[in-house]
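S.K.: sequence plus predicted model, see below.
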Amino acid sequence: MKKNLRKKSAIICAKVLKHFAVSTSASACNLSLYQPKEPECLRKDK
């Protein structure tokens with residue numbers, strides 16, 4: 001019983017944290033309004 005309860009609580013915790021992470025990252029890039037500055041080493045110089 002204890003093992004089953006621990007497993008279910010871990011699954012619920014993982015789902016809640018995953019939802020929180022996705023909602024936070026999606027709101028930062030909503031409609032492509034947030035464009036972070038590209039590092040100099042990744043820029044293509046023409």
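M.R.: Cool, the structure landed. Predicted model, so just to flag it, every value in this text is computed and none were measured.
S.K.: so which residue is dead centre in the chain?
M.R.: Ala21 (3.5 Å; Cα atoms, centre = their mean).
S.K.: other SSEs contacting the one helix or strand His19 maps to?
M.R.: Here His19 sits within helix 2-28, counting by DSSP states H and E. Packing partners of helix 2-28 (3 or more Cβ pairs under 8 Å, 6 or more residues apart in numbering; DSSP states H and E): none among the helices and strands. All C-beta spots, glycine's among them, are computed from the backbone N, C-alpha and C.
S.K.: give me the three-state assignment for Asp45.
M.R.: coil (DSSP: H, G, I helix; E, B strand; the rest coil).
S.K.: burial measure for it, as a count.
M.R.: Using other Cβ atoms under 10 Å, the number of residues around Asp45 comes to 4.
S.K.: just His19 next, same as before
M.R.: Using other Cβ under 10 Å, the number of residues around His19 comes to 10.
S.K.: how far away is it from Cys13?
M.R.: 11 Å (Cβ to Cβ, to the nearest Å).
S.K.: equivalent analysis for Pro39, please.
M.R.: To Cys13, Pro39 is 35 Å away according to Cβ to Cβ.
S.K.: give me the more crowded residue out of the two.
M.R.: Cys13 (10 against 7).
S.K.: wait, what's in contact with the more buried one?
M.R.: By Cβ atoms under 8 Å, 6 or more residues apart in numbering, Cys13 lies in contact with nothing.
S.K.: let's verify Glu38: helix, strand, or coil?
M.R.: With three-state DSSP as the basis, Glu38 sits in coil.
S.K.: phi and psi next, for it.
M.R.: Main-chain dihedrals, Glu38, degrees, to the nearest 10: phi -80, psi 130.
S.K.: quick one, grab the pLDDT at it.
M.R.: As predicted, Glu38 sits at a pLDDT of 80.
S.K.: what's the local residue count around it?
M.R.: Glu38: 9 surrounding residues under other Cβ under 10 Å.
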